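In: Predicted coordinates and the sequence they were generated for:
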Amino acid sequence: MGILGFLFAPFRQLFSGVIRARNKRIIGPQTHSLIQAAQSGHVEAQFLLGYILSEGEGVDRDLEQAIHWYRQAAVRGHDNARINLAIAYCEGDGVEKDMAKAYGWVCLAAFTETEKAPPLRDEIARHLTPEEIAAGQAWAQSQRDVDLQEAERKEAE
């Protein structure tokens, strides 16, 4: 089990009815609903679909699609998706290895995710120059500002 599997093992139990590893494909009406929900912008469905694809849980592993769905969830504020993107960039898993991008994603998650993000952020920072750290922090802050503006807009509606 990779880092992603270790961090998010509880999802396996929670969604065990959605996947069936024996056939190496997603099956069942719940799965069709999951895909439709992800395509419709449901953040949790996007994250879960990314997880299933990244781990090969009941499907052939498809890192390109996993990254796509993680990114969709991450830009909509899903902190676990942000952490998974950070890990993917650290390991070069489905994306080109880029520690600075990893740091930016994990910094963004660390603004609200208090358990997993800070230790990962600190570990990534050990491999970066001060300039890369500053750039990652600036990018994360700019994205956080966008998140806050979006939240304020929704609250005003």
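Out: Yes, it's here. Model, not experiment: these values are computed from the prediction.
In: Does anything pack onto the longest helix along the chain? Which helices or strands?
Out: Counting residues, the longest helix in the chain under DSSP state H turns out to be helix 130-156. Helix 130-156 is packed against helix 99-110, with contacts defined by 3 or more C-beta pairs under 8 Å, 6 or more residues apart in numbering; DSSP states H and E. Yep, even glycine has a C-beta here, placed from its N, CA and C like the rest.
In: Now the helix it packs on: average pLDDT?
Out: For helix 99-110, the mean pLDDT works out to 91.
In: follow-up on the earlier one: got the angle for the longest helix of the chain vs helix 99-110?
Out: Calculated by axes from the mean of the first three to the mean of the last three C-alpha atoms, to 10 degrees, helix 130-156 forms an angle of 40 degrees with helix 99-110.
In: residues contacting the spatially most central residue of the chain?
Out: Centroid-nearest residue in the chain: residue 81, 1.7 Å away (criterion: C-alpha atoms, centre = their mean). Applying C-beta atoms under 8 Å, 6 or more residues apart in numbering, we find residue 81 in contact with 43, 46-47, 50, 69-74.
In: tell me which element it falls in.
Out: Residue 81 belongs to helix 79-91 when assigned by DSSP states H and E.
In: What is the subsequent helix or strand relative to the least confident helix or strand in the chain by mean pLDDT?
Out: Least confident helix or strand, the chain: helix 10-14 with a mean of 39, by mean pLDDT, DSSP states H and E. Next helix or strand after helix 10-14 toward the C-terminus (DSSP H and E): helix 29-39.
In: Show the average pLDDT along that next one.
Out: Helix 29-39 comes out at a mean pLDDT of 79.
In: Flag every buried residue along the helix holding residue 81.
Out: Buried residues in helix 79-91, defined by neighbour count with 16 or more other C-beta atoms under 10 Å: 79-90.
In: No more questions from me, cheers.
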